[in-house]
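Student: Sequence and predicted model, in that order:
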Amino acid sequence: MAKQQKQLQSNDVMVLGAGIVGVSTALHLRRLGLDVALIDRKHPGEEASFGNAGIVQRNGFVPHSMPRHPLQLLEILLNQSTAVSYNLPTLVRLAPWLKRFHAAGSDKAIERYSRIVAPLRAMAVEEHLDLARTTNADRFYRQGGWLHLFRSEASYKKTEAERLYARVFGVAYNELAAGDANTLEPGLKAAKMKGIHWLDSWSVSNPGAVVDAFWRGYIQEGGRYYRGNAQKLRQERGGWVVEGEQGTVFARHVVVALGAWSMDVLKKLGESYPLAVKRGYHMHYRPLSGASLSRPVVDIENGFALTPTDNGIRLTTGVELAERDAPPNPLIIKRVKRRAEELFPLGRQLLKEPWLGCRPCLPDSLPIVGASPKTRGLWLNFGHAHDGFTLGPITGRLLAETIAGKTPMLDISGLSPERFQA
Ligand SMILES: Cc1cc2nc3c(=O)[nH]c(=O)nc-3n(C[C@H](O)[C@H](O)[C@H](O)COP(=O)(O)OP(=O)(O)OC[C@H]3O[C@@H](n4cnc5c(N)ncnc54)[C@H](O)[C@@H]3O)c2cc1C
């Protein structure tokens with residue numbers, strides 16, 4: 001006989017998914033005075049929000065679209081690129097998505113992206129710091145920006161659009177001539193490399209701990225948290241129900257903030273969005289011979305980042321196009337490590353296995369934030385791609401304000417789910 005589920009308190013809103021996006025949304029909803037239930041099958045912040053490079057990026061006005069240079073494309077097709085690798089059946093399955101992703105690299109699409117993302121980025125750092133101050137997470141944050149390093153003049157020139165938009169939107173950077181990066185970061189082996197120092201970005205020493213601190217702040221402010229499987233979501237009594245591990249959770253509204261797993265739930269509700277997954281890995285290393293870094297450093301050609309964390313130097317990789325649930329490919333981090341060692345002396349490996357995470361990606365590189373155009377009481381906040389750690393707190397705030405019936409502090413029409421309705 002089926003076990004009778006305990007009926008838990010009913011809520012105004014339930015938020016599905018406790019990554020940086022879901023936790024920030026739940027915290028803002030709670031601060032607006034709503035009764036909130038946050039649901040995840042794991043402890044908060046254990047998926048993509050745990051293992052990222054921890055950069056809170058003030059710049060970033062050109063979307064991560066398909067490389068257009070023939071040599072770069074050839075390198076990717078031959079699976080020789082350190083920045084992008086793929087599994088052939090996945091690449092074939094993703095062909096229609098990749099076509100849309102490619103279109104997002106046109107001049108017009110870049111202009112649109114930059115216009116939509118600029119106000120979000122302008123508020124992103126402030127929003128992080130505000131949540132951090134009130135949840136005791138500020139100890140993880142550091143100023144000092146981040147560095148882009150270029151191995152060739154050609155790759156430096158290819159990123160000119162990013163600098164142009166940065167000037168348009170008033171985002172500060174310094175151009176680094178060969179040798180300058182080493183003055184800033186003496187541990188680097190980059191004496192001959194040109195670079196850009198993005199001055200206004202911040203970074204954190206432990207992204208997972210930041211999400212955990214935000215979640216603790218949410219609980220302290222009276223937010224409820226339940227373990228449960230979001231795939232069990234169903235509509236009932238004019239609202240939404242999930243059978244959690246502790247009992248039945250009911251709410252009038254539901255927010256889907258399940259990152260790379262969002263479509264597992266939305267498909268069942270008849271909702272269709274072109275969400276794909278770009279996987280990425282990290283490994284931690286002890287620096288050799290006392291070398292250190294004080295800010296994240298990115299190798300632009302090879303798509304990896306080196307970030308100083310509480311647990312060693314974190315090497316994060318670029319993109320792997322493989323099925324979300326396929327086993328990890330241990331060769332990727334090995335290949336990236338060889339290139340990373342050309343820039344920084346990496347010593348002993350500090351984790352047994354590489355960490356693997358899934359970036360939830362829409363073809364225009366913007367998240368979906370807003371009400372479902374089809375289903376009453378269903379709200380969406382997912383698809384933050386390469387920028388979820390940066391943008392989670394601000395999109396959480398904007399969606400919470402909308403659900404609470406307020407005018408959001410920034411216009412979110414550019415993030416509307418309706419852009420994907422046929
Ligand atoms: C290698 C790498 C480096 C990155 N570096 C940066 C960076 O420097 N800066 C930046 O801004 N972004 C970065 N990102 C991107 C960023 O990490 C993601 O965009 C962001 O973490 C997505 O947050 P999220 O809350 O949407 O998803 P997640 O953090 O993945 O959270 C989704 C949650 O849903 C839960 N869930 C899934 N299915 C179910 C279910 N059926 N029932 C219940 N719960 C479920 C999961 O347990 C999880 O807690 C990086 C990503 C990677 C992979």
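Tutor: Received, thanks. Numbering: from 1, shown residues only.
Student: quick one: contacts for the residue of the stretch 101-250 of the chain found nearest the ligand?
Tutor: Residue nearest to the ligand within the stretch 101-250 of the chain: residue 230 (3.4 Å; CB to the nearest ligand atom). Using the backbone N, CA and C atoms, a C-beta is placed for each residue, glycine as well. With contacts defined as CB atoms under 8 Å, 6 or more residues apart in numbering, residue 230 is in contact with 16-17, 39-41, 242, 256, 258, 261, 264-265.
Student: Can you name the residues of the stretch 201-350 of the chain that neighbour the ligand?
Tutor: Counting by CB under 6 Å from any ligand atom, the stretch 201-350 of the chain comes close to the ligand at 229-231, 257-261, 264, 280, 282, 316.
Student: Scan the residues you listed and report the most crowded one.
Tutor: When neighbours are counted by other CB atoms under 10 Å, residue 257 leads those with 35 neighbours.
Student: Using the three-state scheme, assign the closest residue to it other than its chain neighbours.
Tutor: Setting aside the residues directly before and after it, residue 257 is nearest to residue 22 in space (CB to CB, 6 or more residues apart in numbering), at 3.6 Å. Recorded secondary structure, residue 22: helix (DSSP: H, G, I helix; E, B strand; the rest coil).
Student: For residue 22, give me its contacts.
Tutor: Residue 22 makes contact with 15-16, 38, 40, 44, 255, 257-258, 381, 396, according to CB under 8 Å, 6+ apart.
Student: Return the distance of it relative to residue 410.
Tutor: Separation of residue 22 from residue 410 (CB to CB, to the nearest Å) stands at 20 Å.
Student: do residue 388 as well
Tutor: 17 Å.
Student: swap in residue 296?
Tutor: 26 Å.
Student: Report the buried residues of the longest helix seen in the chain.
Tutor: Longest helix of the chain, by residue count under DSSP state H: helix 107-135. Buried residues in helix 107-135, counted by 16 or more other CB atoms under 10 Å: 109-110, 112-114, 116-125, 127-129, 131-132, 134-135.
Student: list the helices and strands it packs on?
Tutor: The helices and strands touching helix 107-135, judged by 3 or more CB pairs under 8 Å, 6 or more residues apart in numbering; DSSP states H and E, are helix 20-31, strand 55-56, strand 141-142, helix 160-168, strand 202-204, helix 207-220, helix 388-403.
Student: give me that answer again for 10 Å
Tutor: When contacts are defined as 3 or more CB pairs under 10 Å, 6 or more residues apart in numbering; DSSP states H and E, helix 107-135 packs onto helix 20-31, strand 55-56, helix 95-103, strand 141-142, helix 160-168, strand 202-204, helix 207-220, helix 388-403.
Student: pLDDT averaged over stretch 7-26 - what is it?
Tutor: The average pLDDT within stretch 7-26 is 94.
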